[in-house]
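[1] the sequence and its predicted three-dimensional model are supplied below.
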Amino acid sequence: MRIMAKLIALVKPLAGVMVLAILLGVLGNLCSIFIPVLGGLAILERAGAGAPLGLAFGSLIAAAVVCGALRGAFRYGEQTCNHFIAFKLLALIRERVFEALRRLCPAKLVGRERGNLVTIITGDIELLEVFYAHTVSPVAIALVVSVIMTAFVGLYHPLYALIAAAGYLTVGAALPAIASRAVKADNARLREDAGRFSSFYLDSLRGIAELLRSGAGERRRAQIGGKTDDTDAIRRRLNSREGALGALSGLAVTCFALITLTAAFFLRRAGYVDTAGAVIPVVAVYSSFGPVLALASLGAGIQSTLAAGGRVLGLLSETPQTKDVTDGVTPEFTGAHSDGLTFSYKNTGYARSPVPDDLVLRDLSVDIPRGKITGITGRSGSGKSTFLRLLMRFWDAPEGSLFISDAPVSAITTEHLRCIESFVTQDTELFHDTIEANIKLGRPDATRAEVEAAAKKASVHAFISSLPNGYDTQIGELGDTLSGGERQRVGLARAFLRDSPLLLLDEPTSNLDSLNEGIILKALRDSAGERTIVLVSHRASTMGIADRTYSVE
Ligand SMILES: Nc1ncnc2c1ncn2[C@@H]1O[C@H](COP(=O)(O)OP(=O)(O)OP(=O)(O)O)[C@@H](O)[C@H]1O
Ligand SMILES: [Mg+2]
């Protein structure tokens, strides 16, 4: 109920369209119900039971034809409104999810399986279409139509109203409720399995070359097959339940029609109703189950829709590892330092092991003077990258231990912090765009000349110029053909172009030969003075340019 209320709350800006959809839906359903009712009246008139409402046979048939035509128009209008609402909302939700991810990343991407996120972003959001286009208004339509029809047959005799109301409640509420309880567990498992399966599949796809190289391809294929079989079994069970529900609903409709017929028989014999009063309500009741039957078929699906909605809402309301600071200080960069910095991932909710002595950094004091190159070395896993992430405030360092320009990192406005720092990691993410656009990522207004200057410093200009389309080459056209070193140099060019006062480099030369390394180190050396550099590396040759070197134990 809570999830449903939250999802419906999102419709608010489109409430007008929703009301229109419901109105058109009610009118459409009434049209289709009244086609047989009008037909019944026409037959009664021909049989000499009198002209109801004073309408002659011809007029009644004409009215039925008009109802038939209008039914189509109303249905069209209703569906158009519903899908308009659904896709507008999906767009809105996608935007919000992207916003949420931006708040939550990058800590989020470390913590949760990416495949699961992909399932939320694609599958779960898509499933909400069912909710907005085929759940909200049908429920309202069924409710309104049922009330109108109950009142209509009640005009002939109250007993009809009683039977009709019981029928609508059974088919539209009781049966779907029972059915949805029966499939709840299976549905939840199905969605979870789907999430895990995408993770596994994505993982396999990313590592396919590795799998083939190590001869594990066949085994992996079998594993994928096994997981599909599991899902398949659940799906089959769900389908058979759904079929059973359909059969039960059909049976219930027939039963209630028969009960109405029986009631009509006795009411007529006892003289409580005339001939029309014995025929029309039976026809009306039998033909009016359409809207509630639509609900019955929703019953099974609603659980998975709500489960999907729950996951999307959960992501939207998740609190980020670090909150963006909007009203903090915005100091000019004058250097950075840490003072007895102690850090563990374990209190952050993304920890991998809850061991109490899971400290990554203990008592780390580093001085990063402005305009100098500060080198950091240390064995693998000693926390060097962690230190850079803390400077970026991907995670929060404990209070009073990490400062930029003498202000605690957590007190600096996030946007300003991003302006001060550039961070180059070992793996450079390239986007499907031109090489120029990829380099200009952090400074979209840079000129071609500035881009080329940055590329020269990063020793990648010659390579880019050798491509047939030069800087306009689409990264996509190159596919995965860019070598590790080439990617890394594009990443460095990006950072050089951004020209922020503090440059954080995490193993920037790990994929480079000594010639390229030399060019880049020279560029770094030359730019020190105006720029402050923190350089993490295992290589002695790279460390050679540092003014001062720290070693993390
Ligand atoms: N998100 C995380 N959650 C929990 N532990 C983490 C997380 N990220 C890193 N760690 C752990 O923290 C420790 C330090 O990792 P870090 O990446 O900072 O090491 P590093 O010094 O950069 O190593 P390398 O030289 O191999 O790059 C490692 O033991 C690592 O397993
Ligand atoms: Mg590292």
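    Thanks, I have it. Because the structure is predicted, anything quoted here is derived from the model rather than measured. Numbers count the residues shown, from 1 in each chain. Ligands and ions are numbered 1, 2, ... in the order given.
[2] which residues of the chain fall in strands?
    Counting by DSSP state E, the chain has these strands, from start to end: 335-343, 361-369, 373-378, 402-404, 407-408, 421-424, 502-506, 532-536, 548-552.
[3] the ones you listed: which one's closest to ligand 1?
    Of all the strands of the chain, it is strand 373-378 that lies closest to ligand 1, at 5.8 Å by C-beta to the nearest ligand atom. Every C-beta, even on glycine, is put in place using the N, C-alpha and C of the backbone.
[4] now that closest one: mean pLDDT?
    Across strand 373-378, pLDDT averages out at 94.
[5] and T428, backbone torsions?
    Backbone torsions of T428, given as degrees, to the nearest 10, read phi -90, psi 130.
[6] now do the contacts for it.
    By C-beta atoms under 8 Å, 6 or more residues apart in numbering, the contact list for T428 reads R487, Q488, V490, G491, R494.
[7] among the residues you listed, which one sits closest to ligand 1?
    Q488 (14.5 Å).
[8] my guess is that closest one contacts P508. True?
    Yes: counting by C-beta atoms under 8 Å, Q488 does reach P508; the two are 6.9 Å apart.
[9] pLDDT weak spots in the chain?
    Applying pLDDT under 70 to the chain flags residues 50-53, 108-115, 299-300, 347-357, 477-480.
[10] domain map for it?
    2-317, 335-552 (automatic domain parsing).
[11] and of these, who's closest to ligand 1?
    domain 335-552 (3.2 Å).
[12] neighbours of the residue nearest to K6 when sequence neighbours are not counted, just the number please.
    Spatially, and ignoring its direct neighbours in sequence, K6 is nearest to L313 (5.6 Å; C-beta to C-beta, 6 or more residues apart in numbering). A count of nearby residues for L313, using other C-beta atoms under 10 Å, gives 17.
[13] so who does L313 touch?
    Counting by C-beta under 8 Å, 6+ apart, L313 has contacts I3, K6, L7.
[14] if I look at it, how far off is D445?
    38 Å (C-beta to C-beta, to the nearest Å).
[15] same thing with S510?
    For S510, the distance to D445 - C-beta to C-beta - is 31 Å.
[16] the two: who's more crowded?
    Higher neighbour count among S510 and D445: S510, with 17 against 6, using other C-beta under 10 Å.
[17] right, and Y132 touches L14 too?
    No: the pair Y132 and L14 fails to qualify as a contact (C-beta under 8 Å) at a distance of 9.2 Å.
[18] the residue positioned nearest the centre of the chain and L441, how far apart?
    With distances taken as C-alpha atoms, centre = their mean, I121 lies nearest the centre of the chain, 2.8 Å away. As judged by C-beta to C-beta, I121 and L441 stand 22 Å apart.
[19] picking that back up, okay, and the common contacts of Y132 and L14?
    Residues touching both Y132 and L14 (C-beta under 8 Å, 6+ apart) are I85, L89.
[20] between the two, which has more neighbouring residues?
    When Y132 and L14 are compared on other C-beta under 10 Å, the one with more neighbours turns out to be Y132, at 26 against 19.
[21] and for the closest residue to that one other than its chain neighbours, the neighbour number?
    Spatially, and ignoring its direct neighbours in sequence, Y132 is nearest to A86 (3.9 Å; C-beta to C-beta, 6+ apart). Residues lying near A86 (other C-beta under 10 Å) number 21.
[22] roughly how far does the residue nearest to A56 when sequence neighbours are not counted sit from V279?
    In this structure, A56 finds its nearest non-sequential neighbour in E45, 7.0 Å apart by C-beta to C-beta, 6+ apart. Note on E45: its distance to V279, by C-beta to C-beta, is 11 Å.
[23] do R539 as well
    Counting by C-beta to C-beta, the gap from R539 to V279 is 94 Å.
[24] count of neighbours near V283?
    By other C-beta under 10 Å, the residues close to V283 number 22.
[25] return the residues in contact with it.
    Neighbours of V283 in contact, by C-beta under 8 Å, 6+ apart: P36, V37, G39, G40.
[26] ok, Q303 next?
    S180, V183, K184, N187, A188.
[27] correct me, but the residue nearest to the centre of the chain touches V97?
    Yes: I121 is within contact range of V97, at 6.2 Å (criterion: C-beta under 8 Å).
[28] what about the closest residue to H337 other than its chain neighbours, how many neighbours?
    Using C-beta to C-beta, 6+ apart and skipping the chain neighbours, the partner closest in space to H337 is D367 (4.8 Å). Other residues near D367 come to 13 when the count uses other C-beta under 10 Å.
[29] cool, and Y76?
    12.
[30] list, one by one, the residues from the stretch 401-550 of the chain near ligand 1.
    By C-beta under 6 Å from any ligand atom, no part of the stretch 401-550 of the chain sits against ligand 1.
[31] one more time with 8 Å, if that's ok
    Residues of the stretch 401-550 of the chain lying close to ligand 1 by C-beta under 8 Å from any ligand atom are Q426, D506, E507, V536, H538.
[32] picking up where we left off before, format the domains of the chain as JSON lines; extra columns: distance to D327.
    Conversion of these to JSON lines gives the following (distance: least, C-beta to C-beta, whole Å):
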{"stretch": "domain 2-317", "distance to D327": "17"}
{"stretch": "domain 335-552", "distance to D327": "7"}
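[33] so which pair among the contacts of V283 is furthest apart in space?
    Spatial extent of the contacts of V283 (C-beta to C-beta) is set by the pair V37 and G39 at 7.1 Å.
[34] more neighbours: which of these two?
    Ranked by neighbour count (other C-beta under 10 Å), V37 and G39 place V37 first, with 22 against 17.
[35] from N438, how far out is R362?
    R362 is 38 Å from N438, by C-beta to C-beta.
[36] give me the more crowded residue out of the two.
    N438 (23 against 14).
[37] list the contacts for that one?
    Counting by C-beta under 8 Å, 6+ apart, N438 has contacts L430, F431, I475, V490, R494.
[38] and the residue nearest to E126 when sequence neighbours are not counted, how close does it get to G309?
    Excluding its sequence neighbours, the residue lying closest to E126 (C-beta to C-beta, 6+ apart) is L90, at 7.4 Å. Applying C-beta to C-beta, the value for L90 to G309 is 12 Å.
[39] residues that sit against both of the two, list them.
    L128.
[40] tell me which of these two has more neighbours.
    G309 (22 against 17).
[41] so which elements touch the helix ranked longest in the chain?
    Across the chain, the longest stretch assigned as helix under DSSP state H is helix 217-269. Contacts defined by 3 or more C-beta pairs under 8 Å, 6 or more residues apart in numbering; DSSP states H and E place helix 217-269 against helix 158-169, helix 175-206, helix 208-213, helix 275-287, helix 290-317.
[42] dump those to CSV, plus distance to ligand 1.
    Shown next, in CSV, are these (distance: least, C-beta to the nearest ligand atom, whole Å):
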stretch, distance to ligand 1
helix 158-169, 53
helix 175-206, 17
helix 208-213, 19
helix 275-287, 62
helix 290-317, 19
